[in-house]
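pasted the sequence and its predicted model underneath.
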Amino acid sequence: MKVLIVDDTNTDRLLLKLHLSKLGYKVIEAANGQEAIEKFVEHSNQLDLILIDVQMPCMNGFEAVKSIRKIQEQKKQEWLPVIFLSASAEDADIEKGILAGGDDYLIKPISQKVLSAKMLAMKRIADMRRRLVESNRILNELATTDHLTGSANRRAFESTLEHEMSSSRRYGSRLACAIFDLDKFKVINDTFGHDAGDAVLVEVVNRIKANLRAGDTIGRIGGEEFGIILPNVEESEVLAAFDRYRCIVADHPVVHESINIAVTASIGVAVYAGEEESKEVLLKRADESLYEAKETGRNRVVY
Ligand code: GH3
Ligand code: MG
Ligand code: MG
Ligand code: MG
């Protein structure tokens, strides 16, 4: 654990440092409020706790912590426990400390036992918070990812589409949206088995992902049906871009358990240029193009 100790009295700082070093903490020091803010900014990623004196010249501990909390909020940083150390036992000062963003307030002279115990309590809360953040991250991933292929699921794809459409409207750019459907996929399942079908889906997504530009999105919107969003495209690029994805799938068979499986896809494209149109209508236009691609022989792009 790394602790920032802030105190204008050298001996107080030194005593604390000795005590904490003995307990195995790494210590960073600051001698006033301004320096505390600088050290916080410099080390904020690695800090686990701030111990800060209240009475200091120029900028007192309350002001320094208020600034630190503001920076944390702006940078959306994780919670960092702050304990005030003060010679004043006034109720009003304790209240001020908590209002300024402190998590605890200890009265000097500090008992080493009490300080260690309070630090343990802060560590417990920090650990709990870390677990919470991690489980939120996992839940969010589960809610937005397709389990088989690892691409965005339908919900995440549609939310990205909505977001990209509003960017298009704002910046006057064009986006291309396609529905990409594997041809005669039922036959692949029936001939090679469902596991082989699954392997084809995974391989197709990997091939496309490897060729997407940063900012492009692929999502699984149905069983063997994917949505692709290419934001910021020129009208003249659209057909060539999607034909490249068609070729990436059709040019080499997918090899599953030493068996070559030929795969093709049909792609229906709709371009959005900021019109008054919902994502449902845009997807419907792409779906109509897909229908035409299927009707006119499959393994093709219709725009
Ligand atoms: P078309 O060229 O007209 O699109 O024909 P198709 O056979 O691809 O279309 P259809 O909609 O008749 O069949 C899609 C098949 O995809 C049926 C379904 O069992 C299969 N499928 C859907 N999800 C999965 C999956 O997760 N894994 C596997 N292996 N197959 C799936
Ligand atoms: Mg002081
Ligand atoms: Mg199909
Ligand atoms: Mg389909």
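Everything's here; your move. Ligands and ions are numbered 1, 2, ... in the order given.

and stretch 46-57, how far out from the chain middle?
When distances are taken as C-alpha atoms, centre = their mean, to the nearest Å, stretch 46-57 is centred 30 Å away from the chain's centroid.

same check on stretch 186-193?
Offset of stretch 186-193 from its chain centre (C-alpha atoms, centre = their mean): 37 Å.

quick one: mean pLDDT for that stretch?
Mean pLDDT, stretch 186-193: 98.

and that stretch, anywhere near ligand 1?
Yes - on the criterion C-beta under 6 Å from any ligand atom, stretch 186-193 is in touch with ligand 1 at 186, 189. The way it works is simple: take the backbone N, C-alpha and C, and place the C-beta from them, glycine included.

may I see the buried residues of that stretch?
Buried residues in stretch 186-193, counted by 16 or more other C-beta atoms under 10 Å: 188, 189, 192.

what mean pLDDT does stretch 130-143 have?
For stretch 130-143, the per-residue pLDDT averages 95.

just the CA atoms of that stretch, as CSV, please.
Output in CSV follows, covering the C-alpha atoms of stretch 130-143 (Å, rounded to 0.1, in the frame of the first residue of the first chain):
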residue,chain,number,x,y,z
ARG,A,130,-12.7,-2.8,-6.2
ARG,A,131,-14.7,-6.0,-6.2
LEU,A,132,-17.9,-4.1,-6.9
VAL,A,133,-16.2,-2.2,-9.9
GLU,A,134,-14.9,-5.6,-11.2
SER,A,135,-18.3,-7.3,-11.0
ASN,A,136,-19.9,-4.4,-12.7
ARG,A,137,-17.4,-4.7,-15.5
ILE,A,138,-18.1,-8.4,-15.9
LEU,A,139,-21.9,-7.8,-15.8
ASN,A,140,-21.6,-5.1,-18.4
GLU,A,141,-19.5,-7.4,-20.6
LEU,A,142,-22.0,-10.3,-20.3
ALA,A,143,-24.8,-7.9,-21.1
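
sort out which residues of that stretch are buried, please.
Per 16+ other C-beta under 10 Å, stretch 130-143 contains no buried residues.

chain center to it: distance?
A distance of 10 Å separates the centroid of the chain from that of stretch 130-143, by C-alpha atoms, centre = their mean.

how many residues are close by the closest residue to ligand 4 within the stretch 201-303 of the chain?
Nearest to ligand 4, among the residues of the stretch 201-303 of the chain, is residue 225, at 4.4 Å (C-beta to the ion). For residue 225, the neighbour count with other C-beta atoms under 10 Å is 17.

how about the residue nearest to it when sequence neighbours are not counted, secondary structure?
Of all residues not flanking residue 225 in the chain, residue 181 sits nearest, at 4.8 Å (C-beta to C-beta, 6 or more residues apart in numbering). Classification of residue 181 using DSSP: H, G, I helix; E, B strand; the rest coil returns strand.

per-residue confidence at residue 181?
98.

show me what contacts it?
222, 224, 225, 226, 265, 266, 267, 268, 290, 294 (C-beta atoms under 8 Å, 6 or more residues apart in numbering).

who does it form a beta bridge with?
Here residue 181 sits in beta bridges with residue 225, residue 266, going by DSSP bridges.

by contact count, what packs against the strand or helix carrying residue 155?
Assigned by DSSP states H and E, residue 155 belongs to helix 154-171. Helix 154-171 is packed against helix 112-144, strand 175-182, strand 217-222, strand 225-230, helix 279-295, with contacts defined by 3 or more C-beta pairs under 8 Å, 6 or more residues apart in numbering; DSSP states H and E.

alpha carbons of it, as PDB, please.
Output of helix 154-171 as PDB, limited to C-alpha atoms (Å, rounded to 0.1, in the frame of the first residue of the first chain):
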ATOM      1  CA  ARG A 154     -27.800  -7.400 -30.700                       C
ATOM      2  CA  ARG A 155     -28.400  -5.000 -27.800                       C
ATOM      3  CA  ALA A 156     -24.900  -3.500 -27.900                       C
ATOM      4  CA  PHE A 157     -24.900  -3.400 -31.700                       C
ATOM      5  CA  GLU A 158     -28.200  -1.400 -31.800                       C
ATOM      6  CA  SER A 159     -27.000   1.000 -29.100                       C
ATOM      7  CA  THR A 160     -23.800   1.600 -31.100                       C
ATOM      8  CA  LEU A 161     -25.800   2.100 -34.300                       C
ATOM      9  CA  GLU A 162     -28.000   4.700 -32.500                       C
ATOM     10  CA  HIS A 163     -24.900   6.500 -31.200                       C
ATOM     11  CA  GLU A 164     -23.200   6.500 -34.600                       C
ATOM     12  CA  MET A 165     -26.400   7.800 -36.300                       C
ATOM     13  CA  SER A 166     -26.500  10.700 -34.000                       C
ATOM     14  CA  SER A 167     -22.800  11.400 -34.700                       C
ATOM     15  CA  SER A 168     -23.600  11.400 -38.400                       C
ATOM     16  CA  ARG A 169     -26.400  13.900 -37.900                       C
ATOM     17  CA  ARG A 170     -24.200  16.100 -35.800                       C
ATOM     18  CA  TYR A 171     -21.100  16.100 -38.000                       C
END
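
cheers, nothing more for now.
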